[in-house]
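# got a predicted structure here, sequence first:
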Amino acid sequence: MMSIDRYAAAESFHRLAWAYAHVPDLHIMWLLHLCDAHQEMQSWAEAAQCAVAVAGVIMQALVGRNEAVWGKEHVTALRKICPMVSSAVIGEASAAEVEGYGASKLTVDSAVKYLQLANKLFSQAELHHFCASILELIIPVYKNRRAFGQLAKCHTSLTNIYESILEQESSPIPFTNATYYRVGFYGDNFGKLDRKEYIYREARDVRLGDIMEKLSHIYESRLDSGQTLHVIPDSRQVNADELQPGVSYLQITSVDPVMEDEDLDSRKERIISLSSGSCRARVFDRFLFDTPFTKNGKTQGGLEDQWKRRTVLQTEGSFPALVNRLLVVKSDSREFSPIENAIGMIETRTAALRNELEEPRSSEGDQLPRLQGLQRILQGSVAVQVNSGVLGVCTAFLSGEPATRLRSQELQQLIAALLEFMAVCKRAIRVHSRLIGEEDQDFHTQLVNGFQSLTAELSHYIPAILSEL
């Protein structure tokens with residue numbers, strides 16, 4: 001396990017690059033050093049962003065002098081890939097070039113060279129949507145030069161890119177290109193890091209235990225003899241003033257990126273919908289994690305006692321970035337009551353099943369849902385042995401004393417959610433019967449029996465369910 005803090009080393013290159021933003025030669029040189037450092041760590045997306053930043057320096061200088069086939073709209077497109085491409089920096093770069101700095105490097109061919117490097121690195125990161133955007137910036141150059149051979153290669157590459165995108169989006173397992181972790185630093189031994197939080201972007205196969213081990217090794221190697229490092233293993237709220245003096249604490253929590261259009265106040269559990277374009281090229285600057293808790297201090301309790309705290313973090317900049325970690329600059333949280341959690345769980349299952357019903361199989365162009373995904377979710381919804389989830393909610397909130405504590409609106413929302421869940425299950429079973437062959441008939445019979453059994457059990461709590469279904 002390495003003890004070198006490559007995160008800090010990369011950030012040093014990053015600071016030098018922006019310190020020399022007014023001198024294109026030096027600015028580009030340090031960005032390329034940063035690019036090399038990321039490639040050594042196999043941080044392909046971050047390396048690609050460095051190459052895009054270099055291309056951006058050159059492109060905006062050329063656009064400012066009206067010496068390129070690109071216009072401001074192309075620069076805007078580049079900023080959507082790398083928001084760090086700043087108009088202010090490029091304005092300084094353009095002015096510096098006029099004074100004689102870096103004239104030999106600020107050329108169209110140089111920009112194309114680094115765009116091609118970015119394309120290669122994004123491909124290694126499997127961020128194919130970014131690859132498509134990069135090639136669409138290169139194509140105008142070859143069109144202007146009537147370089148038909150290069151155009152043919154670009155369009156062949158685009159075909160392969162779109163096929164890769166189609167493969168990602170049609171996979172029954174949602175594609176993720178990275179994992180994200182919130183890391184909190186607590187303790188005087190961390191110096192300037194003390195009481196700061198960062199979001200780390202890691203490769204998609206890096207698990208929580210992996211990053212815990214890696215960061216523990218890095219920071220333990222910096223401590224003097226007799227000093228200790230403790231990793232806080234959960235996502236509870238930390239009061240730094242109550243921690244033991246002289247001990248260094250790391251709190252490491254897995255977090256999820258927040259989509260631009262996501263309703264963060266929704267009580268539903270978060271699910272990844274393929275129909276939402278989950279593997280589309282996106283940049284993320286908000287992340288969230290949910291923490292279960294009870295009012296009696298325990299982390300876990302019965303459904304009727306289980307609360308949830310949702311924390312949303314905003315970073316200084318967005319991922320993928322020029323560095324592997326970004327500072328958290330804002331943190332907000334809200335709490336969900338036990339009944340909100342229960343209703344949210346039912347709504348989540350309903351939404352997951354409906355997504356499978358409505359999602360076409362893109363690779364074949366028809367409107368049939370993915371049979372495999374439909375079977376998996378149906379089995380988890382109506383199979384007799386897993387009915388405890390839905391029935392557990394009814395037992396916790398619709399029987400005896402707990403039912404008397406519900407407000408009328410909460411009771412109506414819970415019953416409506418349960419009725420909607422069962423209606424979608426019934427529809428899904430009908431669709432399933434049309435999709436299967438002889439080999440799946442026994443499985444279908446199990447689903448039908450499970451649904452009938454679940455309906456009978458629910459009728460003890462909601463008599464109207466028999467007439468509704």
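Alright, I've got the coordinates.

# make it CA atoms for all contacts and neighbour counts henceforth
Fine.

# could you check the helix or strand containing residue 27 and say which residues are buried?
Per DSSP states H and E: residue 27 is located in helix 24-40. Applying a neighbour-count criterion of 16 or more other Cα atoms under 10 Å, one finds 24-39 buried in helix 24-40.

# could you do stretch 206-224 as well?
Applying 16+ other Cα under 10 Å to stretch 206-224 flags 211, 212, 215, 216, 217, 218, 219, 220 as buried.

# over to stretch 189-205?
In stretch 189-205, counting by 16+ other Cα under 10 Å, buried: 189, 190, 194, 195, 197, 198, 199, 200, 201, 202, 203.

# now the helix holding residue 27: average pLDDT?
Regarding helix 24-40, the rounded mean pLDDT is 93.

# tilt between the very next helix or strand once past it and helix 24-40?
Remark: after helix 24-40, the chain's next helix or strand is helix 44-64, criterion DSSP H and E. Helix 44-64 and helix 24-40 meet at an angle of 160 degrees, taking axes from the mean of the first three to the mean of the last three Cα atoms, to 10 degrees as the criterion.

# for helix 44-64, what is the average pLDDT?
Rounded mean pLDDT across helix 44-64 is 93.

# and the next element down the chain from that helix?
In the C-terminal direction from helix 44-64 (assignment by DSSP H and E), the next one is helix 72-81.

# for that following helix, packing partners?
helix 44-64, helix 128-145 (3 or more Cα pairs under 8 Å, 6 or more residues apart in numbering; DSSP states H and E).

# follow-up on the earlier one: helices - which of the buried residues of stretch 206-224 land there?
211, 212, 215, 216, 217, 218, 219, 220 (DSSP state H).

# the second one against residue 252, yeah?
I take that to be residue 212. Yes. The pair residue 212 / residue 252 is scored as a contact, 6.9 Å apart, by Cα atoms under 8 Å.

# before we move on, the earlier item: what's the farthest-apart pair in the ones in helices among the buried residues of stretch 206-224?
Within these, two members stand farthest from each other by Cα to Cα: 211 and 220, at 13.7 Å.

# let me know the closest of the ones in helices among the buried residues of stretch 206-224 to residue 306.
Distances from residue 306 to those, taken by Cα to Cα, are shortest for residue 212, at 27.6 Å.

# pLDDT at the residue nearest to residue 79 when sequence neighbours are not counted, what is it?
The shortest distance from residue 79 to any non-neighbouring residue, by Cα to Cα, 6 or more residues apart in numbering, is to residue 85 (5.6 Å). For residue 85, the model assigns a pLDDT of 77.

# quick one: residue 85 from residue 423, how far?
Going from residue 85 to residue 423 by Cα to Cα, to the nearest Å gives 50 Å.

# who has more neighbours, the two?
residue 85 (23 against 15; other Cα atoms under 10 Å).

# ok, the more buried one - contacts?
Neighbour list for residue 85: 53, 56, 57, 78, 79 [criterion: Cα atoms under 8 Å, 6 or more residues apart in numbering].

# could the residues you listed go into JSON lines alongside distance to residue 296 and neighbour count?
JSON lines is the format used below for the contacts of residue 85 (distance: Cα to Cα, whole Å; neighbours: other Cα atoms under 10 Å):
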{"residue": "53", "distance to residue 296": "51", "neighbour count": "28"}
{"residue": "56", "distance to residue 296": "55", "neighbour count": "26"}
{"residue": "57", "distance to residue 296": "56", "neighbour count": "26"}
{"residue": "78", "distance to residue 296": "51", "neighbour count": "23"}
{"residue": "79", "distance to residue 296": "49", "neighbour count": "17"}
